[in-house]
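Enquirer: Kindly generate the corresponding structure for this input.
(2 chains)
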Protein chains: 2
Amino acid sequence: MANSSSGESVIRRVVRLVGAFDDAHRTMSVATLARRSGLPVTTTYRLVDELLGEGLLEREANAEVRIGTRLWELVSRSSRMVGLREAALPFMEDVQSVVQHSTTLGILDSDEVLYIERIGSRDSMVDITKVAGRLPVHATSSGLVLMAYSPPAYQDLFLSRTLEKFTDATLTEPAELRRHLAGIRQRGFASMPGIIVPESSGIAVPVFGRTNTVVAALSVVVPRNEENPAARVPVLMTAARGISRALGWRGELKGALRQSNGSI
Amino acid sequence: MANSSSGESVIRRVVRLVGAFDDAHRTMSVATLARRSGLPVTTTYRLVDELLGEGLLEREANAEVRIGTRLWELVSRSSRMVGLREAALPFMEDVQSVVQHSTTLGILDSDEVLYIERIGSRDSMVDITKVAGRLPVHATSSGLVLMAYSPPAYQDLFLSRTLEKFTDATLTEPAELRRHLAGIRQRGFASMPGIIVPESSGIAVPVFGRTNTVVAALSVVVPRNEENPAARVPVLMTAARGISRALGWRGELKGALRQSNGSI
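Expert: Now for the predicted structure:
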């Protein structure tokens, strides 16, 4: 069905076209789209025409194309991300107004942290997170929290990989990371100065979902040496509990969060 | 290319599948998906398999399927909606914290108001707006603001239609609506008690973009008879100017906003 001579399906080719757009390339000519997606120019023109017809792409006044309102709407009204971010947003606003630094919500997806919401200054010098942007698990406080609460088999698989050292502070040795993940579970938060860029520090806590598993990490990104976890972790933990309740969580948070009360 | 025996393309069929999900149907069985999308069951199973393979759909533990994280990410990182909502969100937080009622950002799309952001209470009894939800132009303060600043030819086309009367307060007569739109342009805001549900009132102002055209409406939804526009319109106008600046607007807002200064 529906395959090109290269054997690639229409769906795969559309994914390549849509995937050619990103934060730095929100509009482009069809020729650029062909080049960035790696599809033949004639194929690109034909698919773009059909996508324009469905409203999945839209044409700008200068004839460049962009992701269409219809595509955003189709995805946004039903995505799990939307439910999670709607539950989290009021609590993120509370954190941001108290802490006065960028506040993010991240999930684990395909072995990376995918940030599904972010509020705060857009021009922050120290925060490289973006909505729908990805960062490595071992180089972010959110990633380490999400990994700390993942099943042991998944942690083992992750720790068997070669991990990039972004700064002097990035942990990459499996034994060291494993101890660190255990510490995060025990304390109930991660505070990681300068592990991805030297000038910033992330503090993150887990957000539990309805079934008492960790569904997201709530984090603030602050300038290095201003992380002050003793003041900020309780704010994050309070907000995370609110998000959990909004997600339908009913039980007690056992272990991690209770244990951490004495240590901060 | 790629057409079924019914002549419908793969892209059209995928749109029907994705369009079968909405806020009330975030997960469903493949059989339900076939029924809701109107596609043959075998076609649905085949397309769902391929969409699962690309990560555009995901399977739940109970074998139901939902919109995949990958699809959300592909669309969110490059959509124009994301740029607009990121620019607006900090200012919407300011409005929400001052006004203490739901704050929404809407655009005009396919002759309806499409709400691209909303913050505030999720349980509000008086606010029927939803993120990625649509409401009629003539029955919402946001819609009337967006229509008021639309080109005259578009207004004429819109006013030539038969419009539904939702409540006693809904304006549906062309001449009456035209006078009302002129009044909105003159004052620079719309304050519309009970035009879609009797118990709520919307107050909306235009948000100007880089090229000095109206790109969105900023609105608060408050209980009927508590709309207090004299107190709330200046808050909304101040926030709308902030959003406009964040969008790259540099000029003076002529006419509407200045004229309204004396009247509120």
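Enquirer: Excluding chain neighbours, what is closest to residue A:12?
Expert: residue B:54 (6.6 Å; CB to CB, 6 or more residues apart in numbering or on different chains). Backbone N, C-alpha and C define where each C-beta goes, glycine included.
Enquirer: Could you verify my assumption that that neighbour touches residue B:69?
Expert: No. If you go by CB atoms under 8 Å, residue B:54 and residue B:69 don't touch, sitting 11.7 Å apart.
Enquirer: Of those two, which one has the most company?
Expert: Taking other CB atoms under 10 Å in any protein chain shown, residue B:54 and residue B:69 do not tie; residue B:69 has more neighbours (20 against 16).
Enquirer: Settle this for me: residue A:242 is touching residue A:91, isn't it.
Expert: Yes. Between residue A:242 and residue A:91 a contact is recorded at 4.5 Å, counting by CB under 8 Å.
Enquirer: Quick check: phi and psi at residue A:117.
Expert: phi -150, psi 150 (degrees, to the nearest 10).
Enquirer: mind checking pLDDT for it?
Expert: pLDDT for residue A:117: 88.
Enquirer: got it, and residue A:60?
Expert: 87.
Enquirer: Next, find the distance separating it from residue B:41.
Expert: 40 Å (CB to CB, to the nearest Å).
Enquirer: just residue A:157 next, same as before
Expert: 37 Å.
Enquirer: What of residue A:34?
Expert: 36 Å.
Enquirer: Counting neighbours, go ahead and name the busier of the two.
Expert: Neighbour count, other CB under 10 Å: between residue A:34 and residue B:41, residue A:34 has more, with 21 against 12.
Enquirer: And for the spatially closest residue to the more buried one that is not a sequence neighbour, the neighbour number?
Expert: Among residues not flanking residue A:34 along the chain, residue A:44 sits closest, at 3.8 Å (CB to CB, 6+ apart). Residues near residue A:44, counting by other CB under 10 Å, number 23.
Enquirer: Quick one: residues contacting residue A:44.
Expert: A:17, A:30, A:33-34, A:37 (CB atoms under 8 Å, 6 or more residues apart in numbering or on different chains).
Enquirer: Give me the residue ranges of chain A where confidence is low.
Expert: Across chain A, the ranges flagged by pLDDT under 70 are A:1-7, A:121-127, A:251-264.
Enquirer: May I see the buried residues of the longest helix along chain A?
Expert: Assignment by DSSP state H gives helix A:80-99 as the longest helix of chain A. Residues of helix A:80-99 classed as buried: A:80-82, A:84-96, A:98-99 (neighbour count, 16 or more other CB atoms under 10 Å in any protein chain shown).
Enquirer: Run the chain-centre distance for that helix.
Expert: Centroid separation for helix A:80-99 versus its chain: 14 Å, with CA atoms, centre = their mean, to the nearest Å.
Enquirer: repeat for stretch A:148-164
Expert: With CA atoms, centre = their mean as the basis, the mean position of stretch A:148-164 lies at 18 Å from the chain mean.
Enquirer: Only C-alpha atoms, please: export that stretch in PDB.
Expert: Output of stretch A:148-164 as PDB, limited to C-alpha atoms (Å, rounded to 0.1, in the frame of the first residue of the first chain):
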ATOM      1  CA  ALA A 148      15.900   7.700  39.500                       C
ATOM      2  CA  TYR A 149      12.300   6.600  39.600                       C
ATOM      3  CA  SER A 150      12.400   4.400  36.500                       C
ATOM      4  CA  PRO A 151      12.400   0.500  36.800                       C
ATOM      5  CA  PRO A 152      15.900  -0.900  37.700                       C
ATOM      6  CA  ALA A 153      16.100  -2.800  34.300                       C
ATOM      7  CA  TYR A 154      15.700   0.500  32.400                       C
ATOM      8  CA  GLN A 155      18.300   2.100  34.600                       C
ATOM      9  CA  ASP A 156      20.800  -0.700  33.900                       C
ATOM     10  CA  LEU A 157      20.200  -0.400  30.200                       C
ATOM     11  CA  PHE A 158      20.700   3.400  30.400                       C
ATOM     12  CA  LEU A 159      23.900   3.100  32.500                       C
ATOM     13  CA  SER A 160      25.400   0.600  30.000                       C
ATOM     14  CA  ARG A 161      25.700   3.400  27.400                       C
ATOM     15  CA  THR A 162      28.600   5.800  26.800                       C
ATOM     16  CA  LEU A 163      27.400   9.100  28.100                       C
ATOM     17  CA  GLU A 164      28.700  12.500  27.000                       C
END
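Enquirer: quick revisit: which residues are in contact with whichever helix or strand comes after the longest helix of chain A?
Expert: Counting by DSSP states H and E, the next helix or strand C-terminal to helix A:80-99 is strand A:102-109. Identification of contacts with strand A:102-109 by CB under 8 Å, 6+ apart yields A:81, A:84-85, A:88, A:92, A:95-96, A:113-121, A:124, A:127, A:129, A:134, A:137, A:140, A:142-143, A:146-147, A:150, A:204, A:207, A:215-221, B:69-70, B:73.
Enquirer: ok, now stretch A:55-74?
Expert: A:18, A:21, A:26-30, A:33, A:48, A:51-52, A:54, B:11, B:15, B:18-19, B:75-76, B:78-82, B:107, B:109-110, B:114, B:116, B:132.
Enquirer: Make a PyMOL selection of the buried ones in those residues.
Expert: Here is the PyMOL command that picks out the buried ones among the contacts of stretch A:55-74, judged by 16+ other CB under 10 Å:
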select buried, (chain A and resi 18+21+26+27+28+30+33+48+51+54) or (chain B and resi 11+15+18+75+76+78+79+80+81+82+107+109+114+116+132)
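Enquirer: ok, back up a step: of the contacts of strand A:102-109, which belong to strands?
Expert: Those of the contacts of strand A:102-109 mapping onto strands are A:113-119, A:134, A:204, A:207, A:215-221, per DSSP state E.
Enquirer: What about chain B: which of those residues touch it?
Expert: By CB under 8 Å from any CB of the partner chain, the members of those lying near chain B are A:114, A:116, A:119.
Enquirer: Surely the first one is in contact with residue A:137?
Expert: What that stands for is residue A:114. No. Residue A:114 lies out of contact with residue A:137 (CB under 8 Å); the separation is 10.6 Å.
Enquirer: Show me which residues of the stretch 101-250 of chain A sit near chain B.
Expert: A:107, A:109, A:114, A:116, A:119-122, A:130-133, A:246.
Enquirer: And the contacts of residue A:44, which is closest to chain B?
Expert: residue A:17 (9.9 Å; CB to the nearest CB).
Enquirer: Tell me which residues touch residue A:162, please.
Expert: residue A:172.
Enquirer: ok, so what distance separates it from residue A:174?
Expert: 10 Å.
Enquirer: what do you get for residue A:197?
Expert: 23 Å.
Enquirer: Same check on residue A:80?
Expert: Residue A:80 is 32 Å from residue A:174, by CB to CB.
Enquirer: what about the helices in the stretch 51-200 of chain A?
Expert: Remark: helices assigned in the stretch 51-200 of chain A by DSSP state H, counting those that start in this stretch are A:69-76, A:80-99, A:141-148, A:152-159, A:174-187.
Enquirer: by contact count, what packs against the last one?
Expert: Judged by 3 or more CB pairs under 8 Å, 6 or more residues apart in numbering or on different chains; DSSP states H and E, helix A:174-187 is in contact with helix A:141-148, helix A:152-159, helix A:256-260.
Enquirer: Could you dump those into CSV with mean neighbour count added?
Expert: Formatted as CSV, the helices and strands packed on helix A:174-187 follow (neighbours: other CB atoms under 10 Å in any protein chain shown):
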stretch, mean neighbour count
helix A:141-148, 28
helix A:152-159, 13
helix A:256-260, 17
